[in-house]
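Chemist: sequence plus predicted model, see below.
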Amino acid sequence: MKILIVEDEKVMLDSLAEKFTKEGFETIKAVDGEEGLKKALEFHPDLILLDIMMPKMDGLTMLKKIREDSWGENVKVVILTNAEDNKRIAEGVEYGLTDKFSYLIKTDNTLDSIVEEVKKIL
């Protein structure tokens, strides 16, 4: 399984990539929404872990653009952020997040729990 991790905090990005790699996933990393969109459309991952607040292009804008692509309209996306903003959650749901585990708060989850949630979705 291939996972694209789009996260602007380098320590978090590297930690997630290392953890998912150890769990047997192929990981692709991107540091902002522009790079994430490019890599998503190029590599067609099975799931995208997506931060909301990032430079160049935020996560929700990236998600909207992915959903415009024929491949991207069905890709599983999990928002992983520190923002606890109900408006942003609602906007993400509008663009087809996967299920009740599709919005995870970074500070409420360990790397292990994030991996477990992703495994449930896949």
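Modeler: Structure received.

Chemist: in the chain, where's the longest helix?
Modeler: Taking DSSP state H as the criterion, the chain has its longest helix at helix 10-22.

Chemist: quick one: buried residues of the helix or strand just after that helix?
Modeler: Counting by DSSP states H and E, the next helix or strand C-terminal to helix 10-22 is strand 26-30. Using 16 or more other CB atoms under 10 Å as the test for burial, strand 26-30 gives 27-30. C-betas here are computed from N, CA, C, even on glycine.

Chemist: JSON lines please, covering these and showing pLDDT and distance to residue 122.
Modeler: Putting the buried residues of strand 26-30 into JSON lines (pLDDT from 0 to 100; distance: CB to CB, whole Å) gives the following:
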{"residue": "27", "pLDDT": "98", "distance to residue 122": "13"}
{"residue": "28", "pLDDT": "98", "distance to residue 122": "15"}
{"residue": "29", "pLDDT": "98", "distance to residue 122": "18"}
{"residue": "30", "pLDDT": "98", "distance to residue 122": "19"}
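
Chemist: put together a markdown table for the residues you listed, with distance to residue 51 on each row.
Modeler: Output for the buried residues of strand 26-30, formatted as a markdown table (distance: CB to CB, whole Å):
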| residue | distance to residue 51 |
| --- | --- |
| 27 | 15 |
| 28 | 14 |
| 29 | 12 |
| 30 | 10 |
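
Chemist: farthest pair within those residues?
Modeler: Across the buried residues of strand 26-30, the longest distance by CB to CB is 10.6 Å; it joins 27 and 30.
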